[in-house]
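> Structure for the following, please:
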Amino acid sequence: MPTWQAVAIGIIPSIGVGLVFWFAMRAVVRADRNERAALAKADAEQSAERAQSETNAVPDADVRSAASDGESQD
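Have a look, this model is predicted:
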């Protein structure tokens, strides 16, 4: 067997394992990136909902405090 064939037989499995490892790590990194983006989107939506509910709750609280102030003056 010529030398180059022996070298190829020795290197090809290493290249194959390296490619499998690269694809696996690429999938892990992409999944992590997508999960972080989904969590950021969910956090942003939750913050927006919380801000919306706080905005809607503030006038009600002002009305209640104004009503209670008016009752205490009677």
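
> For this protein, which segments are assigned as strands?
For the chain, no strands are identified by DSSP state E.

> In it, which residue is most central in space?
Centroid-nearest residue in the chain: Arg36, 2.1 Å away (criterion: C-alpha atoms, centre = their mean).

> quick one: that residue from Val7, how far?
To Val7, Arg36 is 43 Å away according to C-beta to C-beta, to the nearest Å. (Glycine included, C-beta is placed from N, CA and C.)

> what's the answer for Pro13, then?
Taking C-beta to C-beta, one finds Pro13 at 12 Å from Val7.

> tell me the mean pLDDT over stretch 35-46?
In this model, stretch 35-46 carries a mean pLDDT of 96.

> Helices of this protein, start to end?
For the chain, the helices defined by DSSP state H occupy 3-73.

> Flag the shaky bits of this protein, pLDDT-wise.
By pLDDT under 70, the low-scoring segments of the chain are 57-74.

> if we go to 50?
Counting by pLDDT under 50, the low-confidence segments of the chain come to 74.

> count of neighbours near Gln5?
By other C-beta atoms under 10 Å, 9 other residues sit near Gln5.

> before we move on, what about Gln46?
10.

> again, but for Val28
For Val28, the count of nearby residues is 10 (other C-beta under 10 Å).

> how near is it to Ala42?
21 Å.

> quick one, what contacts Val17?
Contacts for Val17 (C-beta atoms under 8 Å, 6 or more residues apart in numbering) come out as none.

> how far away is it from Ala31?
Counting by C-beta to C-beta - Val17 and Ala31 are separated by 21 Å.

> Tell me who's in contact with Ser14.
Listed by C-beta under 8 Å, 6+ apart, the contact set of Ser14 is empty.
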